[in-house]
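# Predicted model and sequence below, questions to follow.
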Amino acid sequence: MTITSFQPPTRTLMGPGPSDVSPRVLQALARPTIGHLDPEFVRMMEEMKQLLQYAFQTQNALTFPVSAPGSAGMETCFVNFVEPGDKVIVCINGVFGGRMKENVLRCGGVAVTVEDNWGEPVDPGKLEDALKAHPDAKLVAFVHAETSTGAQSDARTLVELAHRYDCLTIVDAVTSLAGTPLKVDEWEIDAIYSGTQKCLSAPPGLSPVSFSERAAEVVRGRTTQVQSWFLDLNLVMGYWGGGAKRAYHHTAPINNLYGLHEALVILQEEGLEQAWVRHAHHHAALRAGLEAMGLGFVVPEAARLPQLNAVTIPDGVDDAAVRGRLLEEFNLEIGAGLGGLAGKVWRIGLMGHACSARNVEYCLDALDRVLGGMDAPITRGVAVDAARRVLEGGAASAQRA
Ligand SMILES: *Cc1c(COP(=O)(O)O)cnc(C)c1O
C-alpha cells in the first residue's frame, strides 16, 4: 500500500483545547522557513516578546515562548525555582494542580497541598492556614483557570497572600491567558506559564512564560544546578535574551513561532479587553441555551470560566455515544470529564477563535439533535433561540452578567 498525504477533516473544536485556529494563523505557519539566527527571524522574536508582554500585561523582560507545549512551561517554572529540599505549597482543585505537585516532587522539593473540591475555586482561607503552618515555605503554586473543571480562582488574592508570607508564586495561566482578565504586573505574579492552543488559538507546541525581576534573581542565585539542561533559564536566555551575544541553544520551532506571532497580532488588533468581553458574552449565550435545554453547570456561578463550560450529563445518557455522534455527524469536538468528573460532565470550550456566535448556535443545535434523538430528558427546540436572545443583546449584557 502506498501511503499518501494526510488530509485531516475540518472540525469545530469546542473542547478543552486545542481550539479552532484562525485561517490567518494557518497561513502564517506555511510561510518559508528561515534560519533561527537569521536577522529577520531575530526581529520577529523581539516583536514576539512585546506581543506576549501585552497579552500577559507585564513589562517583564524575561517573557518568551518555551519551545514545547504548556506542560513544558509548567516544568520550566518548577525546575528553575525548586531546589532539592525546598518547600512548596501547591493548591489542588483539579488535574493540573495535581501535576504541579508531581513537578515539585520530581525536583526533590517538599509539597504541602491545599485541596479543594473539583469544580470549586482555591479557597484563600485554606491557603492562609497552610502559609501559617509552614513559615519555611518558599513558593506557592496554583492554577488560575482549572481546565479540568471549569473553575477560576482569584489569582490576585492568592498572590497577595503568598507575598504576605514571603513566598514567590507560580501561576498556571494556560487556559486563562486571553480568555479572562489576567494582569501579571498589577497582580505581582512572579512566574507564569501559558499555552498557545487554548484562548490564543494557535496550534499547540509552545508555552509563553514570564518571570518578574525578583523571580529571575532567585534563579540566578540558585546554589544547585537546574536539573534540566533544555529548560534551564540561564541557558535558554542565551538565545531568547537578546543582545549581540545571541547564540544557538536549540533550533527554535520556527514556523510554529510564525503562527503564534500571527495569533498575537490578531489579539492586539481585537484588543485584549475586548477579547475578555467576547468570551464573557458568548459564555452567557451558551449558558442561556444550555439552561433552556435543561442542562446545568458544575461550577458555582461566581467561579465559572467563560471559556470552559463543565456541563452535567443528564441521567441515563451515554457520554461517549453523544461525543461520538457529535464528532461523526457534526464534525464537532467537545471534551470529556477527567478524573472524578469522568462520565459525569462534558467540557464545552469557547476558546479564542472558537468563541463565536456561529459556534455557540452550532453546538446547541447539535446537542439538541443528538440528545433529542436519544430521548434524553431535555427540552427540545428552545436552546438556539435562548442563546440568540443573549447574542442580540450585545456585549453590554455580558458585562452585566
Ligand atoms: C492544557 C493545560 C495544560 C497543559 O498544556 P499542554 O499544552 O497540554 O502541555 C496545563 N495546565 C492547564 C490549566 C491546561 O489547561
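Sure thing, it's come through.

# From here on, just use CA atoms for contacts and neighbour counts.
Noted.

# low-confidence ranges in this structure?
Low-confidence segments of the chain, defined by pLDDT under 70: 394-401.

# let's see it at 80
Along the chain, segments meeting pLDDT under 80 span 242-244, 394-401.

# Specify the helix with the largest residue count in it.
In the chain, assigned by DSSP state H, the helix with the most residues is helix 272-293.

# Check the offset of that helix from the chain's centre.
Here helix 272-293 is found 17 Å from its chain centre; the criterion is Cα atoms, centre = their mean, to the nearest Å.

# can you pull the buried residues of that helix?
Using 16 or more other Cα atoms under 10 Å as the test for burial, helix 272-293 gives 272-293.

# ok, now stretch 19-39?
Residues of stretch 19-39 classed as buried by neighbour count (16+ other Cα under 10 Å): Ser19, Asp20, Val21, Ser22, Val25, Leu26, Ala28, Leu29, His36, Leu37.

# So which of those are in helices?
Going by DSSP H, the helices hold Val25, Leu26, Ala28, Leu29 from the buried residues of stretch 19-39.

# Can I get these in JSON lines including distance to Glu333?
As requested, these are exported to JSON lines (distance: Cα to Cα, whole Å):
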{"residue": "Val25", "distance to Glu333": "20"}
{"residue": "Leu26", "distance to Glu333": "19"}
{"residue": "Ala28", "distance to Glu333": "24"}
{"residue": "Leu29", "distance to Glu333": "23"}
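
# Out of the residues you listed, which two sit at the greatest distance?
Between any two of those, the greatest separation by Cα to Cα is 6.3 Å, found for Val25 and Leu29.

# which residues do the two both contact?
Common contacts of Val25 and Leu29 (Cα atoms under 8 Å, 6 or more residues apart in numbering): Tyr258, Gly259.

# hang on, the earlier thing: the longest helix of the chain - contacts with which helices or strands?
helix 357-373, helix 383-392, helix 395-400 (3 or more Cα pairs under 8 Å, 6 or more residues apart in numbering; DSSP states H and E).

# ok, now which ones touch Ala30?
Asn255.

# roughly how far apart are it and Gly259?
Separation of Ala30 from Gly259 (Cα to Cα, to the nearest Å) stands at 9 Å.

# Kindly report the same for Ala387.
32 Å.

# Check Tyr165 too.
Distance from Tyr165 to Gly259, by Cα to Cα: 40 Å.

# Counting neighbours, go ahead and name the busier of these two.
Gly259 (25 against 18; other Cα atoms under 10 Å).

# pretty sure the more buried one contacts Pro203?
Yes: between Gly259 and Pro203 there is a contact at 7.4 Å, judged by Cα atoms under 8 Å.

# With just CA atoms, put the helix or strand hosting Val236 into PDB.
Per DSSP states H and E: Val236 is located in helix 233-240. Provided in PDB are the C-alpha atoms of helix 233-240 (Å, rounded to 0.1, in the frame of the first residue of the first chain):
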ATOM      1  CA  LEU A 233      16.600  29.600  32.000                       C
ATOM      2  CA  ASN A 234      20.200  30.600  32.400                       C
ATOM      3  CA  LEU A 235      21.000  28.700  29.200                       C
ATOM      4  CA  VAL A 236      17.700  29.400  27.300                       C
ATOM      5  CA  MET A 237      18.300  33.100  27.700                       C
ATOM      6  CA  GLY A 238      21.400  32.900  25.700                       C
ATOM      7  CA  TYR A 239      19.100  32.600  22.700                       C
ATOM      8  CA  TRP A 240      15.900  34.400  23.800                       C
END
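
# Show me which positions of that helix end up buried.
Per 16+ other Cα under 10 Å, helix 233-240 contains these buried residues: Leu233, Asn234, Val236, Tyr239, Trp240.

# Those residues: which ones sit near the ligand?
Counting by Cα under 6 Å from any ligand atom, nothing from those sits close to the ligand.

# Closest to Leu51 out of those residues?
Trp240 (14.4 Å).

# Okay, buried residues for stretch 175-186 please.
Result for stretch 175-186 [16+ other Cα under 10 Å]: buried residues Thr175, Ser176, Leu177, Ala178, Gly179, Thr180, Leu182, Lys183, Val184.

# Quick check: the fourth one touching Gln197?
In this case it means Ala178. No: applying Cα under 8 Å, one finds Ala178 not in contact with Gln197, separated by 11.2 Å.

# Closest residue of the stretch 301-401 of the chain to the ligand?
Closest residue of the stretch 301-401 of the chain to the ligand, Cα to the nearest ligand atom: Leu308 (9.5 Å).
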